[in-house]
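Undergrad: Sequence and computational prediction follow.
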Amino acid sequence: MSAKTKGWLKGLAVAVITAGATGLLQLLLNPTEVALWTFAQWKGALILSGVFGLIAMLTYIAKSPMPANDPE
């Protein structure tokens, strides 16, 4: 597997972990409020968690060292 592919896979793992942690943090801070959310609020929370995950993924990939002479 190339270094670029490994970087993207690690970035994707960081994104999933960040999105999960964001959702878990919201659940831990406001469990009663989260229990009363409507479907639209759940969708908004999932989208926001995904955005945080995407930012984390792109940040991780940008900071990852990539080989200068990548044959791909």
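TA: Yep, that arrived.

Undergrad: Helices along the chain, start to end?
TA: For the chain, the helices defined by DSSP state H cover 3-29, 31-35, 39-63.

Undergrad: Save these as a markdown table, and put in mean neighbour count too.
TA: All C-beta spots, glycine's among them, are computed from the backbone N, C-alpha and C. Putting the helices of the chain into a markdown table (neighbours: other CB atoms under 10 Å) gives the following:
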| stretch | mean neighbour count |
| --- | --- |
| helix 3-29 | 15 |
| helix 31-35 | 10 |
| helix 39-63 | 14 |
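
Undergrad: Any chance of the ones you listed in TSV with mean pLDDT as columns?
TA: Output for the helices of the chain, formatted as TSV (pLDDT from 0 to 100):
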stretch	mean pLDDT
helix 3-29	81
helix 31-35	82
helix 39-63	82
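
Undergrad: Now that residue 18 has come up, it's in contact with residue 56, right?
TA: Yes: taking CB atoms under 8 Å as the definition, residue 18 is a contact partner of residue 56 at 4.0 Å.

Undergrad: surely residue 57 meets residue 12?
TA: Yes: taking CB under 8 Å as the definition, residue 57 is a contact partner of residue 12 at 6.1 Å.

Undergrad: Spatially nearest residue to residue 55 (excluding sequence neighbours)?
TA: residue 18 (8.0 Å; CB to CB, 6 or more residues apart in numbering).

Undergrad: An error on my part: the question was meant for residue 23.
TA: Leaving aside its sequence neighbours, residue 23 sits nearest to residue 49 (CB to CB, 6+ apart; 5.0 Å).

Undergrad: what residues are up against the nearest residue to residue 20 once chain neighbours are set aside?
TA: Distances taken as CB to CB, 6+ apart place residue 49 nearest to residue 20, at 7.6 Å, with adjacent residues excluded. Contact analysis of residue 49 by CB atoms under 8 Å, 6 or more residues apart in numbering lists 18, 19, 20, 22, 23.

Undergrad: Nothing else from me, thank you.
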